[in-house]
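Enquirer: I would like to see how this sequence folds:
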Amino acid sequence: MGHLDHAAYGWLTPALSYVMASIGAALGLRCTVRALAATGASRRNWLLTAASAIGTGIWTMHFVAMLGFHVTGTEIHYNVPLTILSLLVAVLVVGAGVFAVGYGRARGRSLVLGGLTTGLGVASMHYLGMAALRLHGRVAYDPLTVGLSVVIAVVAATAALWAALDIKSPAAVAVASLVMGLAVSSMHYTGMLAVSVRVTPSDQALPGATALQFIFPLAVGLGSYLFITAAFVALSPTADERAASASASGAVAVPSPGPAVPGRPGEGAVAAH
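Expert: This next block holds a predicted model:
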């Protein structure tokens, strides 16, 4: 059995992965709150942004954490197509859950369906990403620990969507995002506890790309996307701000009914309110 190290760089990768998960959750929750206050194409666009933020945040969290994963006696490479597929699965399945909540009419049923879909999407992304591992040996999983990680993913996703429906203030969303980030990180490391590796020493070159060749540049790119999206969301006016702006712009001048009568300059002018 190969010795597994889940934090080869100390607390750097767990802490950074937690930050990425929390940022993705915060963006996703804020976008979902904006979506629920909008209609038509605006609601759809906010939900799409929420799905991309949550999915990207979770994927980045997973693979930043995997930068610290080392197995004694073998290098670790990643199958590039499977790794990209895991990102697409994260965004698409999380999107299905978010849209179920955004457009569902029965609140309780939509929440359960959205939480289950999103949670299974998070778990699918994790284990699909693990399937992309290429190393000299065989990877095995403890079924009970895998099941526990899936339960954590579903509960975390359901709680996050509930927060999007019931929590509106920025401060409360921030707290909910930190909790969701912790839950997603817990799901990841619980899933990693299920892993065991039987190393088969070999001099053959491994297929795929190393983490620094592929995962690190992609994670940096997606992290940049999250920060840019955060700036966009922060600068976009809320529904209340748009309503206040529209109300303020409604105070326009009322035209005079006619010219003022000579000698009576006060007449003919109507004050605008």
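
Enquirer: so after the helix or strand encompassing residue 31, what's the next helix or strand?
Expert: Assigned by DSSP states H and E, residue 31 belongs to helix 12-36. Where DSSP H and E defines the elements, the next helix or strand beyond helix 12-36 is helix 40-66.

Enquirer: which helices and strands sit right next to that next one?
Expert: Helices and strands touching helix 40-66, as assessed by 3 or more Cβ pairs under 8 Å, 6 or more residues apart in numbering; DSSP states H and E, comprise helix 12-36, helix 80-103, helix 107-131, helix 170-193, helix 216-235. Every residue, glycine included, has its C-beta placed from N, CA and C.

Enquirer: Ok, which of these comes nearest residue 142?
Expert: helix 170-193 (7.8 Å; Cβ to Cβ).

Enquirer: Give the buried residues for that closest one.
Expert: In terms of neighbour count (16 or more other Cβ atoms under 10 Å), helix 170-193 has its buried residues at 173-174, 176-177, 179-181, 183-188, 190-193.

Enquirer: could you give me the average pLDDT of that helix?
Expert: Within the predicted structure, the mean pLDDT of helix 170-193 is 86.

Enquirer: and it, what other elements does it pack with?
Expert: On the basis of 3+ Cβ pairs under 8 Å, 6+ apart, helix 170-193 makes packing contacts with helix 12-36, helix 40-66, helix 107-131, helix 143-166.

Enquirer: Tabulate the ones you listed in CSV, adding columns for mean neighbour count.
Expert: Formatted as CSV, the helices and strands packed on helix 170-193 follow (neighbours: other Cβ atoms under 10 Å):
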stretch, mean neighbour count
helix 12-36, 23
helix 40-66, 24
helix 107-131, 20
helix 143-166, 19
